[in-house]
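Novice: sequence first, then the predicted structure, then my questions.
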Amino acid sequence: VTGEHCHPTDGCITCGDEAVALAVLAVDEERGLALCSDGEGRHTTVEIALVAPVRCGEALLVHAGTAIAHAPGEAVA
Amino acid sequence: VKYVDEFRDPQLGRALAAEVLSLVEPDRHYKLMEVCGGHTHSIYKFGIDDLLPENVELVHGPGCPVCVIPMGRVDDGIAIAHQPGVIFTCFGDMLRIPGSDGSLLEAKAAGADVRMVYSPLDALRIAKQNPDRDVVFFAIGFETTAPSTALTLLRARAEGVRNFFCMCNHVTIVPPLRALLDSPDLRLDGFIGPGHVSTVVGARPFEFIPADYGKPLVVAGFEPLDVLQAVQMILRQLAEGRCEVENQYTRVVPYEGNTRALQVMAEVFALRPHFEWRGLGFISQSALRLSDAFADFDAELRYSVPGVRVADPKACQCGEVLKGVIKPFECKVFGTACTPERPIGTCMVSPEGACAAYYNYGRFARERTLV
């Protein structure tokens, strides 16, 4: 049942209640979305309504496709 | 943007471990509970318990969202998945959780259209791509995940999507902690508080723990040094006779949480009067349903579900594991009849589950040798 972002023992970005830090690559303010990247260069689209405004280059804490916090000191894994 | 190395520095880890050692009284046994499944996973992945003195014991709490889903709710989900024309969506781990007559993965093999998604927004996208079919999202998780479901429902309503429904199983973190603290089974000295739930709810909701129960709580991040530092902070409080909520994870967690997330949750959800937790029984006001304003999106109102309470398999001791009463390896079926490949209990399904974490990171072999 593992997918593109899953690992057999580490799980995936949505299976548990643990969020991951992602770096913002581009922001679409009108649609409330941002294109983000993890530490291995995988891209995903993230809902940013709960943390807007968002700047390119900053880190967001993302869970289930939604950014829940700014994460300036967090590591992008 | 930082990278993970600085949170996994071995020298800093050894220094923290030495501080922990200096803070403990040799004749006292310390029992600390990590509330969140993510912490359990980090502890066994990085061997953090091996760095602690023998008289500092970490026990695992009820913070793994799939682990606490009772079998009856799985059965209800499967019943909806088998409805004609339904596309049933859920997160990956949920697919393998056993119900009384199989899992969602087995329902899929039997012909139900069950699909794994990474977020509720993916489920909404499927609904927009299939306007002639009902798409049901099986929502689980604590306050970390609930805002994502809430935003998705707000988006569905704003975009006029009428074929998207949610079976809401979201739970809240404070009521089970109170239930654990009221339980006579368990004596705890302190808590490692959930890091990512706290980004949403903040640290303030945990203030009742020192105020009413006299136990310290430290909100912690998930890297090895975060968890080790949280242990050190709890032990320092105990050594200094203090008892309060502290925030180790200040780089992410504001003390007041994310007020915008709390607002959207309040708009979309309402508290259930009670909800069943695996191993913990029914806990008052511990889960969320869709609010009346979102009743049109409520899968439990659109479809008739069995709604039957199902007892856990007799051999399974997930309840005791979730309450921290026993360690995973003390369960009768751990590593034999119950493995990650063929789980009997929920704690063996998710990587965040205590049993799976023990099994996947070699505790299985070590503990069986000790036993």
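Specialist: Ah, there it is.
Novice: for the host helix or strand of B:Phe88, give me every contacting residue.
Specialist: Using DSSP states H and E, B:Phe88 maps to strand B:86-90. Residues from elsewhere that reach strand B:86-90, judged by Cβ atoms under 8 Å, 6 or more residues apart in numbering or on different chains: B:77, B:80-81, B:104, B:107, B:112-117, B:122-123, B:126-127, B:130, B:133-138, B:140. C-beta coordinates here come from the backbone N, C-alpha and C atoms, glycine included.
Novice: filter those residues to the buried ones?
Specialist: Burial by neighbour count, judged by 16 or more other Cβ atoms under 10 Å in any protein chain shown, picks out B:77, B:80-81, B:104, B:107, B:112-114, B:116-117, B:122-123, B:126-127, B:134-138, B:140 from these.
Novice: does stretch B:21-39 come close to chain A?
Specialist: Yes - Stretch B:21-39 reaches chain A (Cβ under 8 Å from any Cβ of the partner chain) through B:Cys36, B:Gly37, B:Gly38.
Novice: ok, so of those, who is nearest chain A?
Specialist: Distance to chain A, by Cβ to the nearest Cβ, is smallest for B:Gly38 among those, at 3.4 Å.
Novice: pLDDT score for that closest one?
Specialist: Note on B:Gly38: pLDDT of 82.
Novice: surely it is within a helix?
Specialist: Yes - per DSSP: H, G, I helix; E, B strand; the rest coil, B:Gly38 lies within a helix segment.
Novice: point out where chain B drops to low pLDDT.
Specialist: B:1-5, B:351-352, B:362-371 (pLDDT under 70).
Novice: which SS class is the closest residue to B:Val174 other than its chain neighbours?
Specialist: Leaving out its chain neighbours, the residue that sits closest to B:Val174 by Cβ to Cβ, 6 or more residues apart in numbering or on different chains is B:Pro205, at 5.3 Å. Classification of B:Pro205 by three-state DSSP places it in helix.
Novice: distance of B:Pro205 relative to A:Gly73?
Specialist: Per Cβ to Cβ, to the nearest Å, B:Pro205 is found 23 Å from A:Gly73.
Novice: what about the two, which has more around it?
Specialist: B:Pro205 (18 against 15; other Cβ atoms under 10 Å in any protein chain shown).
Novice: can you tell me which residues contact B:Pro343?
Specialist: Counting by Cβ under 8 Å, 6+ apart, B:Pro343 makes contact with B:Arg96, B:Pro98, B:Val349, B:Ala356.
Novice: near chain A too, which of those?
Specialist: Contacts with chain A within the contacts of B:Pro343, counted by Cβ under 8 Å from any Cβ: B:Arg96, B:Ala356.
Novice: redo the contacts of B:Pro343 as TSV? Include distance to B:Pro26 and neighbour count.
Specialist: Output for those, formatted as TSV (distance: Cβ to Cβ, whole Å; neighbours: other Cβ atoms under 10 Å in any protein chain shown):
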residue	distance to B:Pro26	neighbour count
B:Arg96	44	20
B:Pro98	44	22
B:Val349	39	28
B:Ala356	34	30
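Novice: let me know the closest of the contacts of B:Pro343 to chain A.
Specialist: B:Arg96 (6.3 Å).
Novice: OK, contacts around that closest one?
Specialist: Counted by Cβ under 8 Å, 6+ apart, B:Arg96 has contacts A:Val1, B:Ser103, B:Leu104, B:Leu105, B:Pro343, B:Val349.
Novice: picking up where we left off before, buried members of the residues of stretch B:21-39 next to chain A into ChimeraX, please.
Specialist: In ChimeraX syntax, the buried subset of those is picked out as below (16+ other Cβ under 10 Å):
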select /B:36,37,38
